[in-house]
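Participant: Coordinates only, no sequence provided:
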């Protein structure tokens with residue numbers, strides 16, 4: 001489908017040493033260009049709280065006028081103590097996940113072996129500006145990781161955010177943020193998810209548009225997903241978010257957890273309609289931060305620098321802007337001012353921008369990437385999936401796709417290939433893989449888990465289970 005794939009399979013025989021928690025000193029926070037000052041911890045005494053807030057106001061004005069954000073050691077200590085108490089529930093593992101979402105997903109280097117991972121696969125499609133990378137846990141690091149970070153070492157899939165023109169257009173897609181990227185690359189997403197799921201339930205993550213793609217993947221393939229962690233991510237459709245909520249309600253033992261991290265001042269999280277159910281943390285930094293800087297900031301790396309030395313994670317990129325306040329909200333709470341309430345205003349504005357771009361595609365010379373074609377692809381793909389689920393023969397579906405003149409030649413070929421992957425020869429590929437697993441001596445329970453996570457119709461899964469029971 002025009003994408004580039006690079007695979008690197010972990011070698012279980014290789015051992016990788018990992019030192020204990022980092023002992024590096026926090027980076028300098030002098031002169032940081034961060035967001036509006038949050039309230040400091042209240043002082044003792046009848047009027048202590050008023051005096052503290054007056055000092056905050058004066059400091060904020062000085063920061064705005066001079067651009068300087070120097071603080072006294074005593075004041076910095078008070079800020080850090082408060083932030084530590086507000087973020088006790090944020091696991092160190094999410095500091096690592098921020099690095100995968102912000103750095104590795106964009107092609108940057110991270111010390112994955114230091115944290116217990118090794119790159120498994122990477123896929124990039126320049127035509128749609130889509131990119132995703134997966135990492136597998138190193139078996140010898142599982143127990144060490146649990147001791148260091150208090151969490152299970154799971155396989156992860158990280159989605160990249162917007163980089164080029166097709167991605168920017170998909171941000172304003174009238175069908176929803178990232179819908180075209182997801183529809184056009186769904187087979188690759190499924191392949192990546194299924195290959196990673198061999199190592200256990202997968203944690204998904206992404207920054208910006210990548211966070212929306214991670215949420216959509218969890219909503220549509222929840223049985224393979226353990227957690228979702230997003231960073232400065234837009235929201236997704238209410239239908240998708242509510243579908244995951246229904247899944248969690250019906251599968252309490254296998255519910256998909258979600259945590260969403262935001263930086264105050266960033267406007268991107270206001271787009272969309274709802275988030276996957278879970279917690280939302282909003283970080284206010286000391287000083288002032290413009291919306292663009294807030295969107296690309298590293299709130300958890302900044303938090304990592306302010307934590308006690310024995311709680312810091314080593315090898316972290318970013319940090320240096322002092323976090324002044326952290327607020328925690330439920331993903332469906334309107335009190336945060338960035339969820340459903342904002343969706344009623346921001347989402348129509350985003351869709352309106354998409355319609356303006358769509359209407360002006362000739363003037364903007366967007367050629368193959370124009371909004372009309374992208375929107376049409378999503379609509380037709382949804383119809384194709386419905387027809388396949390209804391049992392329509394694949395030959396008829398292929399004929400209908402090839403008659404869609406609104407699509408480009410490459411888009412028609414892409415959609416035929418995608419449909420064939422899901423409903424044409426997927427069962428044949430699964431049968432071949434099952435035989436390889438049996439010959440390789442895979443445990444029956446492991447194969448049963450693999451079958452459960454395949455993207456197949458229920459009768460096809462039953463057929464695979466019957467094959468597994470045969471001698």
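Facilitator: Great, that's in hand. The shown structure was predicted, so the numbers you read here are calculated from the model rather than taken from an experiment.
Participant: quick one, domains of the protein?
Facilitator: Domains of the chain are assigned by automatic domain parsing as 4-21+88-346, 360-424, 426-469.
Participant: Deepest-packed of the ones you listed, please.
Facilitator: Mean neighbour counts were taken over the domains of the chain using mean count of other C-beta atoms under 10 Å, and the top value, a mean of 21, falls to domain 4-21+88-346. Every C-beta, even on glycine, is put in place using the N, C-alpha and C of the backbone.
Participant: mind checking how far it is from the chain centre?
Facilitator: 3 Å (C-alpha atoms, centre = their mean, to the nearest Å).
Participant: Kindly reformat the domains of the chain as a markdown table containing distance to residue 78 and mean pLDDT.
Facilitator: Output for the domains of the chain, formatted as a markdown table (distance: least, C-beta to C-beta, whole Å; pLDDT from 0 to 100):
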| stretch | distance to residue 78 | mean pLDDT |
| --- | --- | --- |
| domain 4-21+88-346 | 10 | 85 |
| domain 360-424 | 50 | 79 |
| domain 426-469 | 48 | 79 |
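Participant: And the ones you listed: which comes nearest residue 81?
Facilitator: Closest approach to residue 81 among these is made by domain 4-21+88-346 (9.4 Å; C-beta to C-beta).
Participant: if I read this right, residue 226 contacts residue 201, doesn't it?
Facilitator: Yes - counting by C-beta atoms under 8 Å, residue 201 is a contact partner of residue 226 at 3.6 Å.
Participant: overlap in contacts of the two?
Facilitator: Listed contacts common to residue 226 and residue 201 are residue 154; contacts here mean C-beta atoms under 8 Å, 6 or more residues apart in numbering.
Participant: before we move on, back to that, possible to save the domains of the chain as TSV with distance to residue 77?
Facilitator: Below are these laid out as TSV (distance: least, C-beta to C-beta, whole Å):
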stretch	distance to residue 77
domain 4-21+88-346	10
domain 360-424	51
domain 426-469	48
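Participant: out of those, which comes closest to residue 74?
Facilitator: Between those, domain 4-21+88-346 lies closest to residue 74; by C-beta to C-beta that is 13.9 Å.
Participant: quick revisit: what's the closest of the domains of the chain to residue 73?
Facilitator: Between residue 73 and the domains of the chain, the tightest spacing by C-beta to C-beta is seen for domain 4-21+88-346, at 12.3 Å.
Participant: The chain: strands as residue ranges?
Facilitator: 4-7, 117-125, 130-137, 156-159, 202-207, 225-231, 257-263, 279-285, 323-330 (DSSP state E).
Participant: okay, the ones you listed in TSV with distance to residue 248 next?
Facilitator: Output for these, formatted as TSV (distance: least, C-beta to C-beta, whole Å):
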stretch	distance to residue 248
strand 4-7	32
strand 117-125	26
strand 130-137	24
strand 156-159	19
strand 202-207	15
strand 225-231	11
strand 257-263	9
strand 279-285	14
strand 323-330	14
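Participant: wait, which of those strands is closest to residue 182?
Facilitator: With C-beta to C-beta as the criterion, residue 182 lies closest to strand 130-137 of those, at 8.5 Å.
Participant: what lines up beside that closest one in the sheet?
Facilitator: Applying DSSP bridges, strand 130-137 is found paired with strand 117-125 (antiparallel), strand 156-159 (antiparallel).
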